[in-house]
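Enquirer: Sequence first, then the predicted structure:
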Amino acid sequence: MTDSKAERLSVLGDLPSKKNNVCRVQWGSEVLVIKRFATPEAAAVEQTLRQRAAAAGLAVPAAAPVLATVYQDAPTLLDLLEVAEERLARHATTVAAAAASLSVAWQALFRWLVAFHEATGHIVGDVNARNFLYDAQAATLYGLDFEDARPGAPEEDVGRALAFLLNYDPVESPLKRAVCDDLRARLAAGEIEGLQYARIEAFCRDEQAAIQRRRAVRPPVTEGNER
């Protein structure tokens, strides 16, 4: 990126976020992601952890001199999951084929989470599938959001990610069960180093119970509050 003041900044559109204002912008020849934090302290924490992860060789979007990240043209893990479900509904693929592809992406996620913990001493905390991009062609997973990072065990991130995977709509579909079964078999066999399978399952059970409690207290859907 150049420092020319003649370069114009234009907003290309908002990106989904529950906690912050996030948008995609064009600045000269670069497409950037701009994130507005609730507090300066939250921005400082994310910047520090992003730098540590990058220094350790982890794939995170490159830093720009405007406290933004270079836009990565890759789908989120949730995008991949939703596309696979849609293709299954159209009989354009099989459960086995879709599950095999998704398992590769989630294995990359688990390895990334272990490496993040080794590099920073933190877990990501917010393992929503929207917070990770996967470039299948480059076999590269990108972590995006470290605002909730904190000290902890990597098994917590992995276990909660498994629970989240099962509970995206449609909840516990045949595809999601197939992906989780494959991932569990690989984790139990020790294919992903640095993790204790029993602890992963304990954290997964805890998160499944928490998800059920959250769903139990949701207000009924009425006109005006549909989501």
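Expert: That came through fine. Residues are numbered from 1 along each chain as shown.
Enquirer: State the next helix or strand along the chain beyond the helix or strand of the chain with the lowest mean pLDDT.
Expert: Counting by mean pLDDT, DSSP states H and E, the chain has its least confident helix or strand at strand 68-70, which shows a mean of 66. Beyond strand 68-70 in the direction of the C-terminus, DSSP states H and E gives the next helix or strand as helix 77-89.
Enquirer: Name the residues of that next one that are buried.
Expert: The neighbour-count criterion (16 or more other C-beta atoms under 10 Å) identifies 77-78, 80-81, 84-85, 88 as the buried residues of helix 77-89. All C-beta spots, glycine's among them, are computed from the backbone N, C-alpha and C.
Enquirer: go on, stretch 193-207?
Expert: If you call a residue buried by 16+ other C-beta under 10 Å, then stretch 193-207 has these buried ones: 195, 197, 200-201, 203-204, 207.
Enquirer: centre of the chain versus the longest helix along the chain, how much separation?
Expert: Taking DSSP state H as the assignment, the helix of the chain that covers the most residues is helix 95-120. Its chain's C-alpha centre lies 10 Å from the corresponding centre of helix 95-120 when counted by C-alpha atoms, centre = their mean, to the nearest Å.
Enquirer: which is the next helix or strand following that helix?
Expert: Moving toward the C-terminus from helix 95-120, the next helix or strand (DSSP H and E) is strand 122-123.
Enquirer: So which elements touch that next one?
Expert: Counting contacts by 3 or more C-beta pairs under 8 Å, 6 or more residues apart in numbering; DSSP states H and E, the secondary-structure elements packed against strand 122-123 are helix 95-120, strand 150-151, helix 154-167.
Enquirer: between those, which gets nearest to Q72?
Expert: Of all the helices and strands packed on strand 122-123, the one in closest proximity to Q72, counting by C-beta to C-beta, is helix 95-120 (13.8 Å).
Enquirer: Any buried residues in the closest one, and which?
Expert: Residues of helix 95-120 classed as buried under the neighbour-count rule (16+ other C-beta under 10 Å) are 95, 98-99, 102-103, 105-117, 119-120.
Enquirer: for stretch 27-47, same thing?
Expert: Per 16+ other C-beta under 10 Å, stretch 27-47 contains these buried residues: 27, 32-35, 37, 42-43, 45-46.
Enquirer: Relative to S10, which of the helices and strands packed on strand 122-123 is closest?
Expert: helix 95-120 (31.7 Å).
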